[in-house]
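Chemist: Got a sequence here, can you model it:
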Amino acid sequence: MTESQRWFLLIVTLILGALVYMLAPILTPFLVGALLAYLFDPVADRLEAAKFGRTGAVVTVFVFMTAVLALTVLLLLPQLGRQIQVLLERVPMIIDLVEKRLVPLLESTLGVDLAAMDLGTLKSMLAGNWQQTGSLMAQLAGGITRSGLAVLAWIANLVLIPVVLFYLLRDWDLMMARIRMLLPRYLEPRVALWANECDEVLGAFIKGQLLVMLALGIIYAVGLWLVGLDIALLIGMLAGLASIVPYMGFIIGIFVAGIAAFIQFQDPMVLFWVGAVFAVGQALEGMVLTPLLVGDRIGLHPVAVIFAIMAGGQLFGFVGVLLALPVAAVIMVLLRHLHQGYKSSTLYGSAQVAEVELLNTEADE
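Modeler: The predicted structure follows:
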């Protein structure tokens with residue numbers, strides 16, 4: 001590229017970054033719609049190949065998504081509300097367990113004085129106030145309804161997401177072709193290569209990993225339900241969501257489920273069954289779910305996922321969280337090509353040649 005072309009690309013990148021920063025408050029429904037369009041475009045393409053027509057394929061996808069969403073709301077949300085209420089009721093029991101068993105154990109093991117921890121006051125405060133909070137859903141709804149503008153913005157975003165999704169999904173392939181045609185001809189082959197590699201990375205983490213998270217959430221919830229845990233669904237969903245980072249769902253899930261099971265049953269043997277549930281889930285993830293749903297596609301490193309999400313949230317809020325993985329995938333692809341360019345450059349090659357010459361000189365001596 002010439003100097004002017006480099007400056008042009010830099011200016012365009014800076015302008016796009018500034019626009020994202022300034023328009024972040026209104027970008028959420030558009031980004032959510034774009035993410036859903038990206039996820040369901042392969043489904044629409046397959047239906048279109050089966051003689052549905054693009055609009056018919058999009059309508060079919062919409063009907064399926066609406067049915068799944070309605071089923072989730074009708075079946076899962078009431079159960080989650082009840083299980084959250086059960087969890088709130090047991091908070092004083094958790095504090096009792098910490099105060100009477102864990103604190104003495106730590107004091108005798110570590111030789112430290114933990115008497116300064118005022119757990120009794122905290123327990124009394126929680127025990128006296130949790131009943132007044134009512135249902136968590138009702139509390140959230142009450143907080144929202146106190147602000148008319150917040151309600152209107154929330155409803156507008158909810159209504160806008162399916163509208164944006166419909167039009168993006170209907171015209172997705174056409175938009176991608178037009179964007180490709182708008183690229184400068186000298187950049188188009190390289191950008192197309194990078195885009196394919198980014199799609200491979202995102203496919204592994206957004207498409208494949210979401211399915212793995214859903215499957216693990218179901219496995220953990222069903223397994224803990226068979227154990228008899230009252231808040232099995234809540235913990236299963238928490239562990240499934242945390243599984244976006246490999247092993248994080250297993251660690252968080254077995255820790256939270258172990259505490260909840262011990263408090264509910266007061267029997268150390270139940271910890272064995274909780275461990276068995278998560279061991280089976282981890283084995284299925286490694287041997288079945290990940291090879292089947294993700295395959296050998298290149299994914300993002302777990303540390304890169306954590307850093308990208310935290311950095312995106314810090315810089316751009318919720319919009320940054322939505323943009324974190326796509327941007328991380330692009331950066332990863334660029335760094336890979338930069339590494340390849342460095343390995344083939346004279347800067348790297350000259351040192352390599354010097355090392356070979358030094359070895360040859362030492363061998364002659």
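Chemist: From the rest of the structure, what touches stretch 184-198?
Modeler: For stretch 184-198, the external contacting residues (Cβ atoms under 8 Å, 6 or more residues apart in numbering) are 1, 5, 180, 183, 326, 329-330, 333-334, 336-337. C-beta: built from backbone N, CA, C; applies to glycine.
Chemist: And for stretch 308-323?
Modeler: By Cβ under 8 Å, 6+ apart, stretch 308-323 touches 20-21, 24, 27-28, 31-32, 35, 300, 324-325, 327-328.
Chemist: If you rank the contacts of stretch 184-198 by neighbours, which is first?
Modeler: Within the contacts of stretch 184-198, most neighbours by other Cβ atoms under 10 Å means residue 329, with 26 neighbours.
Chemist: Quick check: pLDDT value at the residue nearest to it when sequence neighbours are not counted.
Modeler: Among residues not flanking residue 329 along the chain, residue 201 sits closest, at 4.1 Å (Cβ to Cβ, 6 or more residues apart in numbering). The model reports residue 201 with a pLDDT of 76.
Chemist: Assess the claim that residue 201 and residue 333 are in contact.
Modeler: Yes. The pair formed by residue 201 and residue 333 meets the contact definition of Cβ atoms under 8 Å, at 6.9 Å.
Chemist: hmm, back to that, how many residues are close by the residue nearest to residue 329?
Modeler: The local packing of residue 201 (other Cβ under 10 Å) involves 21 other residues.
Chemist: Return the set of buried residues in the host helix or strand of it.
Modeler: Using DSSP states H and E, residue 201 sits within helix 188-202. Neighbour counts over helix 188-202 (16 or more other Cβ atoms under 10 Å) mark 194-195, 197-199, 201-202 as buried.
Chemist: Tell me the helix or strand right after the lowest-mean-pLDDT helix or strand in the chain.
Modeler: Every helix and strand of the chain was ranked by mean pLDDT, DSSP states H and E. The lowest is helix 136-145, at a mean of 49. Beyond helix 136-145 on the C-terminal side, the first helix or strand identified by DSSP H and E is helix 148-170.
Chemist: could you dump the helix or strand where residue 257 lies to PDB, C-alpha only?
Modeler: Per DSSP H and E, residue 257 falls inside helix 248-265. The C-alpha trace of helix 248-265 is given here as PDB (Å, rounded to 0.1, in the frame of the first residue of the first chain):
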ATOM      1  CA  MET A 248     -15.000 -22.000  34.000                       C
ATOM      2  CA  GLY A 249     -18.500 -23.400  34.000                       C
ATOM      3  CA  PHE A 250     -17.200 -26.600  35.600                       C
ATOM      4  CA  ILE A 251     -15.300 -24.800  38.300                       C
ATOM      5  CA  ILE A 252     -18.100 -22.300  39.200                       C
ATOM      6  CA  GLY A 253     -20.900 -24.900  38.900                       C
ATOM      7  CA  ILE A 254     -19.300 -27.600  41.100                       C
ATOM      8  CA  PHE A 255     -18.400 -25.000  43.700                       C
ATOM      9  CA  VAL A 256     -21.900 -23.400  43.900                       C
ATOM     10  CA  ALA A 257     -23.700 -26.700  43.600                       C
ATOM     11  CA  GLY A 258     -21.600 -28.300  46.300                       C
ATOM     12  CA  ILE A 259     -22.400 -25.500  48.700                       C
ATOM     13  CA  ALA A 260     -26.100 -25.600  47.900                       C
ATOM     14  CA  ALA A 261     -26.300 -29.400  48.100                       C
ATOM     15  CA  PHE A 262     -24.500 -29.500  51.500                       C
ATOM     16  CA  ILE A 263     -26.700 -26.800  52.900                       C
ATOM     17  CA  GLN A 264     -29.900 -28.600  51.700                       C
ATOM     18  CA  PHE A 265     -29.000 -32.100  52.700                       C
END
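Chemist: and that helix, what does it pack onto?
Modeler: Using 3 or more Cβ pairs under 8 Å, 6 or more residues apart in numbering; DSSP states H and E, the elements in contact with helix 248-265 are helix 91-97, helix 209-227, helix 232-242, helix 269-284.
Chemist: Other residues contacting the second one?
Modeler: Among residues not part of helix 209-227, those counted as contacts by Cβ under 8 Å, 6+ apart are 39, 232-233, 235-237, 239-241, 243-244, 249, 253, 257, 261, 270, 273-274, 276-278, 280-281, 284-285, 289-290, 293-294, 299.
Chemist: Which PyMOL command selects the buried ones in those residues?
Modeler: In PyMOL syntax, the buried subset of the contacts of helix 209-227 is picked out as below (16+ other Cβ under 10 Å):
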select buried, resi 39+232+233+235+236+237+239+240+241+243+244+249+253+257+261+270+273+274+277+278+281+285+289+290+293+294+299
